[in-house]
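In: Quick one, what's the 3D model for this:
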Amino acid sequence: MENGIEEILKEHEALCSRVFHLQNTGNPQTKDIELIIPKVKELFGMLEAVNTKQITAQQYNGLLNVMSEWNAIFSYFNIKMVPCRLRPFLWNSPKVAVKRIPRQCIEGIVVSTKMQKTVVIEVERTKKHPKYGKTVQYTKKYKIHDPLEECSVGDRVLAHETRHFSKTKYFRFYRKLY
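Out: All right, here's what the predicted structure looks like:
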């Protein structure tokens, strides 16, 4: 991976030196810069192909500088070109980039409020029968943590998944739906 980044940085330095050489020789024309465009397109392709999960923050900042310099050069010479898009930086720790698991949200009707800080809701799901194709309704009851005891029987509520509060309670009350 580091060889790819070093290659990108070397290519960038070579192309920048050509552009600055053109600029120092006098008034560079857009056609002179357009001769470099195929090489820059290759550079952008290499930049977009970098897996940002496997690089350090310092390497990512270097690649961002390369990208911004070329976008600035093109805007200076009024060259219309699709700007380079670098993937977002996903580096969390030196070992592994951890991806957060999305939380499940459920919507149901409150059936019972007899426990302290806990309500029971009933969630209805419709599903097509695999063999016969008929739409069938399934209902399941979930226990939900309601610390302020806002819910009453018959309310339609939204809850989201959290850590386990007990063996069977792993949803937290989010809000009432009217």
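
In: what about this protein, any weak spots by pLDDT?
Out: Under the criterion of pLDDT under 70, the regions of the chain flagged as low confidence span 1-3, 23, 25-35, 48, 50-55, 57, 71, 74-102.

In: measure Ile37 to Met115 for me?
Out: Distance, Ile37 to Met115, using C-beta to C-beta, to the nearest Å: 69 Å. Using the backbone N, CA and C atoms, a C-beta is placed for each residue, glycine as well.

In: ok, and the closest non-adjacent residue to Thr118?
Out: Counting by C-beta to C-beta, 6 or more residues apart in numbering, Thr118 lies nearest to Lys143, which is 5.5 Å off, once chain neighbours are set aside.

In: what's across from that neighbour in the sheet?
Out: On the basis of DSSP bridges, Lys143 takes part in beta bridges with Val120, Lys169.

In: Looking at this structure, which helix is longest?
Out: With residue count as the measure and DSSP state H as the assignment, the chain has helix 2-24 as its longest helix.

In: That one - contacts with which helices or strands?
Out: If contacts are counted by 3 or more C-beta pairs under 8 Å, 6 or more residues apart in numbering; DSSP states H and E, helix 2-24 sits against helix 30-34, helix 37-48, helix 57-76.

In: Make JSON lines out of those helices and add mean neighbour count.
Out: Converted to JSON lines, the helices and strands packed on helix 2-24 look like this (neighbours: other C-beta atoms under 10 Å):
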{"stretch": "helix 30-34", "mean neighbour count": "13"}
{"stretch": "helix 37-48", "mean neighbour count": "15"}
{"stretch": "helix 57-76", "mean neighbour count": "15"}
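
In: Lys131: which of the ones you listed is closest?
Out: Comparing these by their distance to Lys131 (C-beta to C-beta), the top pick is helix 37-48, with 46.9 Å.
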